[in-house]
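# Dropping a prediction and its sequence here:
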Amino acid sequence: MSKPSEAFILNVKFVLIAFVVIANVIEPLIDRSGILRWLYQAIFTFHIPMFVFAMGLLAKDFRLDHRGLHSLVEIAWQYVLFQTVYSLMDAALFHADGVVHSFFMPYSLLWFLFSHLCWRAMLPLFIRMKHPIIVAVGLGIAAGFLPVSGAWLSLSRTFVFLPFFLAGYSIRLDRTFQQSLRR
């Protein structure tokens, strides 16, 4: 990727993170203001698809070679580490209702990390397809009919957001930035 497109992706990530911080700050106030409720709902409607899209943009160089396998191991290690820490903290301090302490049920936001691992691992299969995004949309719809809990291995979220990951991977920012720099 060229430097302008790398800067663009970093800026997109910053804006998305800022929106999440804003949404979390205004959450206690959403019952008091219709505008704040609307802003909160708007942010949480689009921020996950956009984060997944950005992860797809950042996966352009991913291959299932030594370096690619190393990155998958890093993601898996982070998942295991944080799943362990969060589960221990919950069991020792928080005792949150309905939490299942299992590596097969990602704790809270760790579904995103586990799904990211799956998206990267599935990428080589999907880039060989003629219409990968259409197939991914079909899988996302089918995931809604799985006879297992959607939280189990975050399967439903993994497949529902897979089209956004593939769309991000498919976008060619370098050409777009080169054309805009020529103008």
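Here it is on my side, so go on. Numbering: from 1, shown residues only.
# Grab the most central residue of the chain for me.
Val52 (3.8 Å; C-alpha atoms, centre = their mean).
# Please name the nearest non-neighbouring residue to it.
Of all residues not flanking Val52 in the chain, Phe164 sits nearest, at 4.1 Å (C-beta to C-beta, 6 or more residues apart in numbering). Backbone N, C-alpha and C define where each C-beta goes, glycine included.
# swap in Gly168?
Closest to Gly168 by C-beta to C-beta, 6+ apart is Gly56, at 2.4 Å.
# May I have the helix or strand where Ile26 lies as PDB, with CA atoms only?
Using DSSP states H and E, Ile26 sits in helix 3-26. What follows is helix 3-26, C-alpha atoms only, in PDB (Å, rounded to 0.1, in the frame of the first residue of the first chain):
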ATOM      1  CA  LYS A   3       1.800   6.000   2.100                       C
ATOM      2  CA  PRO A   4      -1.400   8.100   1.400                       C
ATOM      3  CA  SER A   5      -3.600   5.000   1.700                       C
ATOM      4  CA  GLU A   6      -1.900   3.800   4.900                       C
ATOM      5  CA  ALA A   7      -2.500   7.200   6.400                       C
ATOM      6  CA  PHE A   8      -6.100   7.100   5.300                       C
ATOM      7  CA  ILE A   9      -6.600   3.700   7.000                       C
ATOM      8  CA  LEU A  10      -5.000   4.900  10.200                       C
ATOM      9  CA  ASN A  11      -7.200   8.000  10.200                       C
ATOM     10  CA  VAL A  12     -10.300   5.800   9.600                       C
ATOM     11  CA  LYS A  13      -9.300   3.600  12.600                       C
ATOM     12  CA  PHE A  14      -8.800   6.700  14.700                       C
ATOM     13  CA  VAL A  15     -12.200   8.200  13.800                       C
ATOM     14  CA  LEU A  16     -13.900   4.800  14.500                       C
ATOM     15  CA  ILE A  17     -12.300   4.500  17.900                       C
ATOM     16  CA  ALA A  18     -13.200   8.100  18.700                       C
ATOM     17  CA  PHE A  19     -16.800   7.300  17.800                       C
ATOM     18  CA  VAL A  20     -16.800   4.300  20.100                       C
ATOM     19  CA  VAL A  21     -15.400   6.500  23.000                       C
ATOM     20  CA  ILE A  22     -18.100   9.100  22.300                       C
ATOM     21  CA  ALA A  23     -20.800   6.500  22.300                       C
ATOM     22  CA  ASN A  24     -19.600   5.100  25.600                       C
ATOM     23  CA  VAL A  25     -19.400   8.500  27.200                       C
ATOM     24  CA  ILE A  26     -23.000   9.500  26.200                       C
END
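# what distance separates that helix from the centre of its chain?
Computed by C-alpha atoms, centre = their mean, to the nearest Å, the separation of helix 3-26 from the middle of its chain amounts to 14 Å.
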